[in-house]
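Trainee: Output the structure for:
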Amino acid sequence: MVFPTIVRQRRQRARTPNTGFDQIDGDYLSTNPARFKFHNSDIRPDWTNSEDVEVVGLQKWVDFRHPLLEVDPVSRTVTLAGQVSPDTKENNARYYVENAPDALDSPGEWYLNRRRGVVTYWPKPGEDLKTAEIIAPVLRSELVRIEGDLPNQRLVHDVVFRGLTFAYADWTLATNGYMDGQAASQIRGQVTAQGAVSCEFEGCTFAHLGGYALDLGRGCQHFRIIGNEFVDLGAGGIRVGEPSIRSDALEQNFGHLITDNHLHQMGRVYAPAVGIIVFQSGRNHIAHNHIHDLYYTAISVGWNWGYQETPCRENLIEFNHLHQIGQGMLSDMGAVYTLGIQKGTVVRNNLIHDVNSFDYGGWGLYTDEGSSDIVLENNIVYRCKSASFHQHYGRDNIISNNILAFGKEHQLMRSREESHNSFTLERNIIYFDSGDLLGSQWSNDNFKMDQNEYFDARSGAALSTLKFAGATFAEWQRRGHDQNSVFADPHFVAPRKDDFRLQTDSPAFKFGFKPIDPEEASIRKKYRKRVHDTE
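Mentor: Okay, here's the model as predicted:
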């Protein structure tokens, strides 16, 4: 069955500036409530006369949405209804304003005067409001709730949703606004489940929603999420598990199959939202998904900062195509992002490209705080702003048989030195034409690197000019690293045209590099028409 494409488009709430951002003047004057100085007439005193004017601010990897309370035009100071996190605040932070009456200044924008109950819309050229279909969602929470009786051990089971469309749910804001911690984790799904096992969503469409789309919460086990489209979402696509660890086996979350889904146009209200996020959940299989066009991480796995044991383990993330991530909106993100100890977790055969942060931290493979015992292999990663691979801190990860190419600033990064082995990096091809090879901290030698192939493709580049964190290749080898590695052109078919297949004479084969087929990292053919994916 082929389902019709939803062609309706989300229209922009009245915004100023229409593109880009304003910036606060220096640092915040206070964080609770948030107060800052603004430039010139960026914020106007009469905006406090409206009940619905909001300031949307961006800080490193988070955002906030706060009603505008007070404006002092003399001191150019604004006070918001909520607070900002002191841990993520930035000098000269970016922000924009939504739903101010005079921000309605461009075709395609709308303004809501809640007091009068009137919506004003500026049509785009060619739009006729006499015949146009305009949809204003009413529901602000769940469209569908699947809920078992966990205290009495009565679970929902074997319910199948096939070929349905879940669409048009709104989002709401508390009187004191909203402040994100990470990944828009406070925002729940609008199709939710808890206390349910062996249920299935196949061939469904989740579209035009205000929050996350699908939320598999407490006590959800063995769901099958196959061949669905997730498009135009206020937050992200799929939430798996909870931030809390459950000791009762019945309440634990694990064992889901999430394959062949198309997730795109996400983070339209909450920019830090994730395509697929796995909290305290293990033994999930996430494969053959196409995830693109979002402002933060594509796949996030784990919810622990440090070295404590967790139930998030034995997750398999493979054959996903992840791209157009970040788009310069936020910082500190990855296409695949991990947290904490994850024994048995494997990230393999993914095609990752075009990860761009605002400031620091546009990474392809990102093992963040405490990420340990993870295997990352057979991935193709290219055109990432900060580096193809970055480990903040962790233990005994294996990075093997990957193609890591065209990092803009660095190719590999390691940002905390510890007393144990950080990772083993072996049989990889690192190919670049900008930036340097190694970024951040590489001085204590508690890592293993060998049998890699390095090539700087810049004109005239040679091994004598290649630096390993300031060291020559000979000095680097004397420190015990890359004893059997080489500096050589790997003979890709057409790397500048994104074709990283190896020609038959590639020297990479001499140290056991196994070819990677990028065509497998995609939605499988039998699902592509169903999810409106042409790749």
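
Trainee: Where does residue 48 sit: helix, strand or coil?
Mentor: Following DSSP: H, G, I helix; E, B strand; the rest coil, we place residue 48 in the helix state.

Trainee: so it sits right up against residue 72, yeah?
Mentor: No. With contact defined as Cβ atoms under 8 Å, residue 48 does not reach residue 72; the gap is 10.3 Å. For the C-beta atoms, the positions are set from N, CA and C on the backbone; glycine is no exception.

Trainee: Tell me where this structure has helices.
Mentor: Taking DSSP state H as the test, the helices found in the chain are 473-478, 525-528.

Trainee: can you redo those helices as CSV with distance to residue 200 and mean neighbour count?
Mentor: Formatted as CSV, those follow (distance: least, Cβ to Cβ, whole Å; neighbours: other Cβ atoms under 10 Å):
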stretch, distance to residue 200, mean neighbour count
helix 473-478, 52, 15
helix 525-528, 14, 14
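
Trainee: between the ones you listed, which one is nearest to residue 236?
Mentor: Checking the helices of the chain against residue 236 by Cβ to Cβ gives helix 525-528 as the closest, at 20.3 Å.

Trainee: Might you report the residue contacts of the nearest residue to residue 153 once chain neighbours are set aside?
Mentor: Distances taken as Cβ to Cβ, 6 or more residues apart in numbering place residue 250 nearest to residue 153, at 6.2 Å, with adjacent residues excluded. Under the criterion of Cβ atoms under 8 Å, 6 or more residues apart in numbering, the contact list for residue 250 reads 150, 153, 155, 219.

Trainee: Need the max-distance pair from these.
Mentor: 153 and 219, at 9.8 Å, using Cβ to Cβ across the contacts of residue 250.

Trainee: circling back: to residue 206, which of the helices of the chain lies closest?
Mentor: Relative to residue 206, the nearest member of the helices of the chain by Cβ to Cβ is helix 525-528, separated by 15.2 Å.

Trainee: Show the pLDDT at residue 320.
Mentor: Note on residue 320: pLDDT of 98.

Trainee: Check residue 132 too.
Mentor: Predicted confidence (pLDDT) for residue 132: 89.

Trainee: before we move on, what about residue 325?
Mentor: At residue 325, pLDDT is 98.

Trainee: follow-up on the earlier one: same drill for residue 153 and residue 219, tell me which one is more crowded.
Mentor: Shown here are residue 153 and residue 219; by other Cβ atoms under 10 Å, residue 219 has more neighbours (24 against 11).

Trainee: Let me see the contact set for residue 303.
Mentor: With Cβ under 8 Å, 6+ apart, residue 303 has these contacts: 241, 243, 279-280, 310, 312, 339-340.

Trainee: Setting aside sequence neighbours, what's the nearest residue to it?
Mentor: residue 279 (4.4 Å).

Trainee: these two touch, right, that neighbour and residue 240?
Mentor: Yes. Residue 279 is within contact range of residue 240, at 6.7 Å (criterion: Cβ under 8 Å).

Trainee: who touches both of these two?
Mentor: residue 253.

Trainee: which regions of the chain sit below the pLDDT cut-off?
Mentor: Along the chain, the model assigns pLDDT under 70 to residues 1-7, 535.

Trainee: Closest to the centroid, which residue in it?
Mentor: When Cα atoms, centre = their mean is applied to the chain, the residue found nearest the centroid is residue 297 (1.2 Å).

Trainee: which ones are touching that one?
Mentor: 183, 274-275, 277, 325, 333-337, 366 are the contacts of residue 297 under Cβ under 8 Å, 6+ apart.

Trainee: repeat that for 7 Å
Mentor: 183, 274, 333-334, 337 (Cβ atoms under 7 Å, 6 or more residues apart in numbering).

Trainee: what number of residues lie near the nearest residue to it once chain neighbours are set aside?
Mentor: In space, residue 297 comes closest to residue 337 once its chain neighbours are excluded; the distance is 4.5 Å by Cβ to Cβ, 6+ apart. Residues lying near residue 337 (other Cβ under 10 Å) number 25.

Trainee: From residue 264, how far out is residue 337?
Mentor: From residue 337 across to residue 264, the span is 18 Å (Cβ to Cβ, to the nearest Å).

Trainee: surely the residue nearest to residue 303 meets residue 238?
Mentor: No. Residue 279 lies out of contact with residue 238 (Cβ atoms under 7 Å); the separation is 11.4 Å.

Trainee: Select the longest strand from this protein.
Mentor: In the chain, with assignment by DSSP state E, the single longest strand is strand 62-72.

Trainee: What strands flank it, and is each parallel or antiparallel?
Mentor: According to DSSP bridges, strand 62-72 forms sheet pairs with strand 54-59 (antiparallel), strand 77-80 (antiparallel), strand 178-179 (antiparallel).

Trainee: Residue 256 is nearest to which of the ones you listed?
Mentor: Of all these, strand 178-179 comes closest under Cβ to Cβ, at 28.0 Å.

Trainee: Just the residues contacting the closest one, thanks.
Mentor: Identification of contacts with strand 178-179 by Cβ under 7 Å, 6+ apart yields 64-65, 82-85.

Trainee: and which of those residues is nearest residue 168?
Mentor: residue 65 (20.6 Å).

Trainee: Mark which of the contacts of residue 303 are buried, thanks.
Mentor: The neighbour-count test (16 or more other Cβ atoms under 10 Å) marks 241, 279-280, 310, 312, 339-340 as buried among those.

Trainee: what's the domain layout of the chain?
Mentor: Domains of the chain are assigned by automatic domain parsing as 12-121, 193-520.

Trainee: okay, those domains in CSV with distance to residue 136 next?
Mentor: Below are those laid out as CSV (distance: least, Cβ to Cβ, whole Å):
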stretch, distance to residue 136
domain 12-121, 7
domain 193-520, 11
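
Trainee: Pick the most deeply packed of those.
Mentor: domain 193-520 (a mean of 21; mean count of other Cβ atoms under 10 Å).

Trainee: closest one to residue 146 among the domains of the chain?
Mentor: Here domain 193-520 is closest among the domains of the chain (Cβ to Cβ), at 4.0 Å.

Trainee: now the end-to-end length of that closest one.
Mentor: Taking Cα to Cα, to the nearest Å, the first and last residues of domain 193-520 lie 31 Å apart.

Trainee: before we move on, what about stretch 349-368?
Mentor: Stretch 349-368 has an end-to-end distance of 20 Å (criterion: Cα to Cα).

Trainee: and what of stretch 57-64?
Mentor: Using Cα to Cα, the end-to-end distance of stretch 57-64 comes to 5 Å.
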